[in-house]
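Engineer: sequence and predicted structure below; questions after.
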2 protein chains.
Amino acid sequence: MNNKKFDIQKGHFYAVGVGPGGADLLTLRAVRVIEESEVIICPKSASARSSLALDIIKDFVRDQEIIEHVYPMQRSQEQVENSWIKAADIIKTHCLAGKTVCQVTLGDPNIYSTCAYVMPLIEEVLGRDRIHVVPGITAFQSSAANFPHPLTTQEDRLILMPGSDLNAVENALKSCETLVLYKAGKNLPAIVRLLEKYDLASKAGVVFNSEMPDREEVFSSLDEALEGSRSYLACVIVYVGRKGWKTVD
Amino acid sequence: MNNKKFDIQKGHFYAVGVGPGGADLLTLRAVRVIEESEVIICPKSASARSSLALDIIKDFVRDQEIIEHVYPMQRSQEQVENSWIKAADIIKTHCLAGKTVCQVTLGDPNIYSTCAYVMPLIEEVLGRDRIHVVPGITAFQSSAANFPHPLTTQEDRLILMPGSDLNAVENALKSCETLVLYKAGKNLPAIVRLLEKYDLASKAGVVFNSEMPDREEVFSSLDEALEGSRSYLACVIVYVGRKGWKTVD
């Protein structure tokens, strides 16, 4: 290949985005890092029976060491800090022993991912040069692929944010052409009411568990979505308007 | 594979995101669609010697028919509408002849992509069920992978927009934790001055030609970036603040 080669090296750490669900949305780079890593850290929540990220990559696992690490879903930073510190200790130990280590994460490691908290903890010991990020397809991209509208054209602005703070959501609606809300599941009824106030409920879609085999649910109008699964992995996309060029009629 | 299968069918059209540059950031799904398509449309600008997207996928091209289609870079919608209509005609003709057709695009087809204008033009003839989007890694994701800061944690808001309208950029700075500016190349000196006013120039990085072999330039501070190539393919990331959880010191 004539392309710039992404190096995979002994003693280095790789935060690998594995996309929203479904192995075929992994990048070739992610596959290669997973296959060449000697230790693979797979996050899971305390309540989950298995790691979703591990389920996505299972076809690429051969004799690598798999460590399922619990990152609990808690309301405060203090409650989860211990799990970050433990993960960082595991990574540091294996990297210092000269092993190639990766942590897989749903979506992209830089977007609402636990990797963001773990990487600074290993930087002091390993140095920045031994820490790498492999981007992954995000749930808002795979969710948008279901709908016949672009996320952005020309001058459009896209805002990506959690759907937890309704005041912040209301403000955002007024200053973008496309609004993407993550973690909207539980808050969905309130979000629907807010969008109805602005006549936008019919211009919004939601995808639960995007690309997760047998679990994905797609609603192209938010009015209907209240019947959906209310999964934590919910992505609402509001097509507020269009500042960029229109498509040709 | 136990994963949901993405179908590739005769007479269907696929808008395929090929990522920012470099073949190994393609997804497995994108590779499969490219390999199984009988006709591949590759966009190029009027001035470009070759199609950047074609350069990225060239290792996956065997006996498919390659059509390099010119999408001129113009200032008004009217000036480029003809190129959209011509591309749509090519796609419709081949799909109606029962061929599998794809158009490859840098980044993701739903984010500042010409596909957004072409797809509605073919929908009336082909129907929505025969039009598919394969998401791709965006330049802001691969650019962010160079910097030691997450794009978003917890409650953070990310705004993605072009860097052309400085008033809009200034407003956006006040309502997000991370600001991503596309197409910032020519406007970079003015963007640097604006960020300096808010003491943010040192908290911003820029990547020119992200992941393009031998052409990528990474600047982790905007002050230094004015020496860079000013490519159209410039992505500025401003780490404005953090609403989400901090990383542990």
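Structural biologist: Arrived safely, thanks for sending.
Engineer: could you measure A:Asp89 against A:Ser45, distance?
Structural biologist: Separation of A:Asp89 from A:Ser45 (CB to CB, to the nearest Å): 20 Å. C-betas here are computed from N, CA, C, even on glycine.
Engineer: and for A:Ile90?
Structural biologist: A:Ile90 sits at a distance of 18 Å from A:Ser45 (criterion: CB to CB).
Engineer: before we move on, what about A:Ile57?
Structural biologist: A:Ile57 is 17 Å from A:Ser45, by CB to CB.
Engineer: neighbour count for A:Ile90 and A:Ser45, which is higher?
Structural biologist: A:Ile90 (18 against 14; other CB atoms under 10 Å in any protein chain shown).
Engineer: identify the residues contacting the spatially closest residue to A:Met73 that is not a sequence neighbour.
Structural biologist: Leaving aside its sequence neighbours, A:Met73 sits nearest to A:Ser45 (CB to CB, 6 or more residues apart in numbering or on different chains; 5.1 Å). Taking CB atoms under 8 Å, 6 or more residues apart in numbering or on different chains, we find A:Ser45 in contact with A:Val70, A:Tyr71, A:Pro72, A:Met73.
Engineer: which pLDDT value goes with A:Ser45?
Structural biologist: You'll see A:Ser45 listed with a pLDDT of 89.
Engineer: and what of A:Val134?
Structural biologist: In this model, A:Val134 carries a pLDDT of 98.
Engineer: that one pairs with what?
Structural biologist: As for beta bridges, A:Val134 partners with A:Val16 under DSSP bridges.
Engineer: hmm, which helix or strand of chain A has the shakiest average pLDDT?
Structural biologist: helix A:222-225 (a mean of 83; mean pLDDT, DSSP states H and E).
Engineer: does the helix or strand just after it pack against any helices or strands, and if so which?
Structural biologist: Sequence-wise, the next helix or strand downstream of helix A:222-225 (DSSP states H and E) is strand A:234-239. Strand A:234-239 is packed against helix A:139-144, strand A:178-182, helix A:188-197, strand A:204-208, with contacts defined by 3 or more CB pairs under 8 Å, 6 or more residues apart in numbering or on different chains; DSSP states H and E.
Engineer: let me have those in JSON lines, extended by mean pLDDT.
Structural biologist: Formatted as JSON lines, these follow (pLDDT from 0 to 100):
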{"stretch": "helix A:139-144", "mean pLDDT": "98"}
{"stretch": "strand A:178-182", "mean pLDDT": "97"}
{"stretch": "helix A:188-197", "mean pLDDT": "95"}
{"stretch": "strand A:204-208", "mean pLDDT": "95"}
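Engineer: quick check: which of the ones you listed is buried the most?
Structural biologist: helix A:139-144 (a mean of 28; mean count of other CB atoms under 10 Å in any protein chain shown).
Engineer: what about it, near chain B?
Structural biologist: Yes - residues of helix A:139-144 contacting chain B under CB under 8 Å from any CB of the partner chain: A:Gln141, A:Ser142, A:Ala144.
Engineer: with stretch A:53-65 instead?
Structural biologist: Yes - using CB under 8 Å from any CB, we find that stretch A:53-65 touches chain B at A:Ile56, A:Lys58, A:Asp59.
Engineer: most neighbours among these, which one?
Structural biologist: Most neighbours among the residues of stretch A:53-65 next to chain B, by other CB under 10 Å: A:Ile56, with 28 neighbours.
Engineer: for that one, give me phi and psi.
Structural biologist: Note on A:Ile56: its backbone torsions stand at phi -70, psi -40 [degrees, to the nearest 10].
Engineer: leaving out chain neighbours, which residue sits closest to it?
Structural biologist: In space, and not counting its chain neighbours, A:Ile56 is closest to A:Val18: 4.9 Å by CB to CB, 6+ apart.
Engineer: the one you found and A:Thr27 touch, don't they?
Structural biologist: No - using CB atoms under 8 Å, A:Val18 is not in contact with A:Thr27; the gap is 9.1 Å.
Engineer: the lengthiest helix in chain A - contacts with which helices or strands?
Structural biologist: Using DSSP state H, we find that the single longest helix of chain A is helix A:77-96. Helices and strands touching helix A:77-96, by 3+ CB pairs under 8 Å, 6+ apart, are strand A:39-44, strand A:65-70, strand A:101-105, helix A:115-126.
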